[in-house]
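K.L.:
no letters, just coordinates:
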């Protein structure tokens, strides 16, 4: 799970395995496989980095 920040400053953890796509419109919107969407402060690169770091932590090795 990764931590993201809603526009109101509220932090929440989301299951990064359920992220279908991330778009910047200009706010960053995360769409999950179940159709739920959330708007967050982080940009797409920050989310990508958080997912990579999480998977490195879980699998204990470099992810390419």
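P.N.:
Structure's in. What do you need? Since we're looking at a predicted model, the values are computed, not measured.

K.L.:
strands along this protein, start to end?
P.N.:
For the chain, the strands defined by DSSP state E occupy 2-5, 11-14, 19-24, 28-32, 37-40.

K.L.:
to residue 58, which of those strands lies closest?
P.N.:
strand 2-5 (11.2 Å; Cβ to Cβ). C-beta: built from backbone N, CA, C; applies to glycine.

K.L.:
so how far is residue 1 from residue 58?
P.N.:
10 Å (Cβ to Cβ, to the nearest Å).

K.L.:
higher neighbour count, the two?
P.N.:
Applying other Cβ atoms under 10 Å to residue 58 and residue 1 shows that residue 1 carries more neighbours, namely 13 against 10.

K.L.:
show me what contacts that one?
P.N.:
Counting by Cβ atoms under 8 Å, 6 or more residues apart in numbering, residue 1 makes contact with 13-16, 54.

K.L.:
equivalent analysis for residue 19, please.
P.N.:
In this structure, residue 19 makes contact with 30-33, 47, 51, judged by Cβ under 8 Å, 6+ apart.

K.L.:
which one (most neighbours) among these?
P.N.:
Neighbour tally across the contacts of residue 19 (other Cβ under 10 Å): the maximum, 22 neighbours, falls on residue 30.

K.L.:
what stretches of this structure score poorly on pLDDT?
P.N.:
Residues of the chain meeting the criterion pLDDT under 70: 61-64.

K.L.:
tell me which residue lies nearest the centroid of it.
P.N.:
Centroid-nearest residue in the chain: residue 47, 4.3 Å away (criterion: Cα atoms, centre = their mean).

K.L.:
so who does the residue nearest to it when sequence neighbours are not counted touch?
P.N.:
Spatial nearest neighbour of residue 47, excluding adjacent residues (Cβ to Cβ, 6 or more residues apart in numbering): residue 22 at 5.4 Å. Applying Cβ under 8 Å, 6+ apart to residue 22 gives the contacts 28-31, 44, 47-48.

K.L.:
nice, that's everything, thank you.
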